[in-house]
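A.B. asks: Okay, here's the prediction I keep looking at, along with the sequence it came from:
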Amino acid sequence: MVSALSLANGLTLLFAALCLWTMAAQSRGGVTTLGRLALPGGFAVLATLMLLAGVFEASFLFDILWVAAFAVGSVIGRIRGWMLSVQSNRESGLVSLPATVDGLVAALILVALSVVDFSSAMMGEALIEPGYIAAGSALCAGFLGYRVLVIALRVVRPTTDKVSRPA
């Protein structure tokens with residue numbers, strides 16, 4: 001069952017588009033702040049929660065699928081966050097990122113899933129089952145959210161400088 005076209009479908013599409021827009025700026029690399037670094041992950045989580053709320057005929061299978069997709073995306077995002085070479089300036093709060101396409105691809109997938117959800121609501125029939133759309137978006141949100149979380153932790157954690165002591 002697909003809900004009728006509503007403001008929620010439009011907001012989901014808006015949040016996904018904002019995720020893509022903010023991630024496109026980051027994918028070119030360069031220097032940014034931690035706040036701007038967190039924007040795509042936050043927009044992805046908002047879009048995912050709205051897509052999850054649109055699943056009316058929820059079943060235990062869709063719940064497991066959604067949680068598993070989020071967990072897989074989180075693990076992949078965590079690994080990717082550790083793999084990126086990141087330089088930070090703690091005094092100014094700036095982070096330098098390399099140019100990458102992984103986050104942009106995840107944001108594009110999220111936008112595509114939101115467009116399918118919007119189109120399904122507009123036509124009144126499901127092009128793809130809403131539970132699968134929510135699971136796909138959970139994969140993307142887990143990836144983007146944990147990627148930024150690991151980068152932020154790498155930037156703000158205290159360094160452990162070894163000081164040599166006289167013997």
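C.D. replies: Thanks, I have the structure now.
A.B. asks: so what's G81 up against?
C.D. replies: 146-151, 154 (Cβ atoms under 8 Å, 6 or more residues apart in numbering). Bear in mind the C-beta positions are built from the backbone N, C-alpha and C, glycine included.
A.B. asks: how about V95, phi and psi?
C.D. replies: The phi/psi pair for V95 (degrees, to the nearest 10) reads phi -130, psi 130.
A.B. asks: Okay, buried residues for the helix or strand of the chain with the lowest mean pLDDT please.
C.D. replies: Least confident helix or strand, the chain: strand 87-89 with a mean of 82, by mean pLDDT, DSSP states H and E. Using 16 or more other Cβ atoms under 10 Å as the test for burial, strand 87-89 gives S88.
A.B. asks: hmm, back to that, just the buried members of the contacts of G81?
C.D. replies: 146-151.
A.B. asks: just to revisit the earlier point, which among the contacts of G81 gets closest to G29?
C.D. replies: For the contacts of G81, the closest approach to G29 (Cβ to Cβ) belongs to I151, at 13.0 Å.
A.B. asks: pretty sure that closest one contacts L37?
C.D. replies: Yes. Using Cβ atoms under 8 Å, I151 is in contact with L37, at 6.4 Å.
A.B. asks: which residues do the two both contact?
C.D. replies: 95, 97.
A.B. asks: in this structure, what spans have low per-residue confidence?
C.D. replies: 1, 158-167 (pLDDT under 70).
A.B. asks: From the contact counts, what lies against the helix ranked longest in it?
C.D. replies: Scanning the chain for the longest helix, with DSSP state H as the assignment, gives helix 130-156. Helices and strands touching helix 130-156, by 3 or more Cβ pairs under 8 Å, 6 or more residues apart in numbering; DSSP states H and E, are helix 34-53, helix 60-83, strand 94-97, helix 102-123.
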